[in-house]
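[1] all I have is the shape, not the residue letters:
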Ligand code: UT7
C-alpha cells in the first residue's frame, strides 16, 4: 500500500432536482427529435433545476443521503470536498455551505474544479488526506447545475446536460484499503474545446453595477471531445489498474462519466469489457458533469447491480481538458437497510412470541 492508512467508501448519496425534462419537451425548444437524441447520445430525459433549486441545495441533499447510507454522525466528518464548476457564488464555497448544513462541525471544507472529472480528482485528494493520517472521514461531492449556463437555442449542447449531485463518504480503514489505485491527467491546450467563457474575472464589467451583459454559455466542439473521450477513458482505466496492481480484466464494473452512451460503449470495447460490465444511467440523467459518476453508482447500487465486493473503475473526462480514474472496491452496506432489516426481524420475533 502506497499510503500509511487505508481508505474505503462507506456511503453514496444523491441529490436531484424534481423536474424531468424529456426529449419530447426539447423538441418544442429546438430543431431536434427524440429519435436523434436517443440514437446519438442514449439520453431520453434529464433532471433540470428550477430557479429556486441551487447547487448548494442539491449538494446538501446528496450529502445527507450519503451520511444516512453510511450511518455516521456528521461530527465524524473531518473534510468536505466539493467538485463543481457551477457554484452558487464564487464564495462562500459550496463545501462550506454543505459543512454548515449537515453539521460537520469539525470539518475543513473547500471546493475544487476539474469540470466533469472533478469527482475523480476530489476522491483522489480526499484519499491523500486520509492516507496520510491527517483526516479519518471525508465527505466528497460532485455537483453541477449546467442548465443555467446552456444556450437553450443551441441544439448541439442543450440536449446533452442535466443537473444533479452525487456524494461519497470515504473513511480511514487500517485493516483494508479499498481505494486501490488512481490516475489523474490534464491538457490545458485543449481548454477551448469545451468551455463556458465570460463567467469569471476575465470578464470585467467596466464599473457598471450590476453588469449589463449576461454571462456566456457553454460552448463545445462535440466531435473533438468525442475523439478525446474515447481515447482518454481507456488510457485512464489502464493506468489506474496498473497503479492498483490489477489487470483491466479484474475490473467488475466500469462506471464512466455519463456523457454519451456511444462514448461509453466505444471506450468499453477498447478495454475489452462486455456490456454487462457497463454502469450507466445516462438515459434518465443526461450528462450531470461532476455528479455523473456517483449518481450512476448510486442508481446501480440501489438496483442491486453492483454487489458487495465488486471492483469498480470510476473514470471521468471533461473540460480543462481533464481526465482520470479511480479503482475502488465496493463493500459498503446501506446502514438504513440494516436498521430496517433489524426492525422487521424484531417485529417477526415479537409476532412469533405472541
Ligand atoms: O462532459 C463532456 C461533454 N461533452 C461531450 O461528451 C460531447 C462529446 N460529443 C458528442 O457526444 C457528440 O459529438 C454529439 C452528441 C455532441 C454530436 O453527435 P455527432 O454524432 O458527433 O453529431 P454531429 O455533430 O456530427 O452532427 C451530425 C448532424 C449535423 O447535421 P449535418 O451537418 O450533418 O446536417 C448536426 O447539425 O446532426 C445535427 N445535429 C442535430 N440534429 C438533431 C446536431 N445536434 C442535433 C440535435 N438534433 N440535437
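    Sure, I can see it. As the structure is a prediction and not an experimental result, all values here were calculated from the model.
[2] now do the SS call for the residue in the stretch 1-150 of the chain that the ligand sits nearest to.
    Closest contact between the stretch 1-150 of the chain and the ligand, by C-beta to the nearest ligand atom, is at residue 32 (3.3 Å). Yep, even glycine has a C-beta here, placed from its N, CA and C like the rest. Put simply, residue 32 is coil when judged by DSSP: H, G, I helix; E, B strand; the rest coil.
[3] excluding its backbone neighbours, what's nearest it?
    Setting aside the residues directly before and after it, residue 32 is nearest to residue 155 in space (C-beta to C-beta, 6 or more residues apart in numbering), at 4.8 Å.
[4] for residue 116, same thing?
    For residue 116, the spatially nearest residue (C-beta to C-beta, 6+ apart) is residue 318, at 2.8 Å.
[5] who does that neighbour form a beta bridge with?
    Assessed by DSSP bridges, residue 318 has beta-bridge partners residue 322.
[6] check contacts around it.
    Contact analysis of residue 318 by C-beta atoms under 8 Å, 6 or more residues apart in numbering lists 114-118, 194, 257, 259, 289.
[7] please apply the same query to residue 330.
    With C-beta under 8 Å, 6+ apart, residue 330 has these contacts: 9, 178, 297, 301, 306, 308-312.
[8] just those now: which is nearest residue 221?
    Closest approach between these and residue 221, by C-beta to C-beta: residue 297, at 28.7 Å.
[9] wait, that closest one sits on residue 255?
    Yes: judged on C-beta atoms under 8 Å, residue 297 makes contact with residue 255 at a distance of 5.2 Å.
[10] that older thread, where does the residue nearest to residue 32 land on pLDDT?
    Listed pLDDT for residue 155 reads 96.
[11] how about the residues of the protein near the ligand?
    Residues of the chain found near the ligand (C-beta under 6 Å from any ligand atom) are 32, 36-37, 40-41, 116, 155-156, 159, 194, 220, 222-223, 225-226, 229, 259-260, 287, 318.
[12] what segments of the chain are strands?
    6-15, 20-22, 45-47, 79-83, 108-112, 137-144, 164-173, 179-186, 194-195, 219-220, 253-256, 310-318, 322-330 (DSSP state E).
[13] want to throw those into a markdown table with mean pLDDT?
    Converted to a markdown table, the strands of the chain look like this (pLDDT from 0 to 100):
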| stretch | mean pLDDT |
| --- | --- |
| strand 6-15 | 97 |
| strand 20-22 | 98 |
| strand 45-47 | 98 |
| strand 79-83 | 98 |
| strand 108-112 | 98 |
| strand 137-144 | 98 |
| strand 164-173 | 98 |
| strand 179-186 | 98 |
| strand 194-195 | 96 |
| strand 219-220 | 96 |
| strand 253-256 | 98 |
| strand 310-318 | 98 |
| strand 322-330 | 98 |
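[14] need those strands in a markdown table with distance to residue 68, can you?
    Putting the strands of the chain into a markdown table (distance: least, C-beta to C-beta, whole Å) gives the following:
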| stretch | distance to residue 68 |
| --- | --- |
| strand 6-15 | 7 |
| strand 20-22 | 24 |
| strand 45-47 | 20 |
| strand 79-83 | 16 |
| strand 108-112 | 20 |
| strand 137-144 | 12 |
| strand 164-173 | 10 |
| strand 179-186 | 22 |
| strand 194-195 | 35 |
| strand 219-220 | 36 |
| strand 253-256 | 21 |
| strand 310-318 | 21 |
| strand 322-330 | 18 |
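[15] rewinding a little: quick one, what contacts the residue of the stretch 1-150 of the chain closest to the ligand?
    By C-beta under 8 Å, 6+ apart, the residues touching residue 32 are 23, 26, 155, 159.
[16] isn't residue 162 up against residue 288?
    Yes: Residue 162 lies in contact with residue 288 (C-beta under 8 Å); the separation is 5.0 Å.
[17] give me the common contacts of these two.
    46-47, 146.
[18] now do the contacts for residue 10.
    Taking C-beta under 8 Å, 6+ apart as the criterion, residue 10 is in contact with 69-70, 72, 169-171, 332.
[19] excluding its backbone neighbours, what's nearest residue 332?
    Distances taken as C-beta to C-beta, 6+ apart put residue 10 closest to residue 332, at 4.8 Å, once the chain neighbours are dropped.
[20] same thing with residue 37?
    Nearest one to residue 37, counting by C-beta to C-beta, 6+ apart, is residue 23 at 4.6 Å.
[21] in CSV: the contacts of residue 32, plus distance to residue 53 and neighbour count.
    Formatted as CSV, the contacts of residue 32 follow (distance: C-beta to C-beta, whole Å; neighbours: other C-beta atoms under 10 Å):
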residue, distance to residue 53, neighbour count
23, 21, 20
26, 19, 20
155, 24, 16
159, 20, 23
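[22] among those, which two are most distant?
    23 and 155 (11.3 Å).
[23] pLDDT below threshold where in this protein?
    Filtered on pLDDT under 70, the chain yields the residue ranges 1, 204-214, 340-354.
[24] now the helices: where do they sit in it?
    Secondary structure of the chain, counting by DSSP state H: helices at 23-27, 34-41, 55-70, 94-102, 118-131, 222-244, 261-270, 282-285, 292-303, 335-353.
[25] neighbours of residue 272, just the number please.
    By other C-beta atoms under 10 Å, 10 other residues sit near residue 272.
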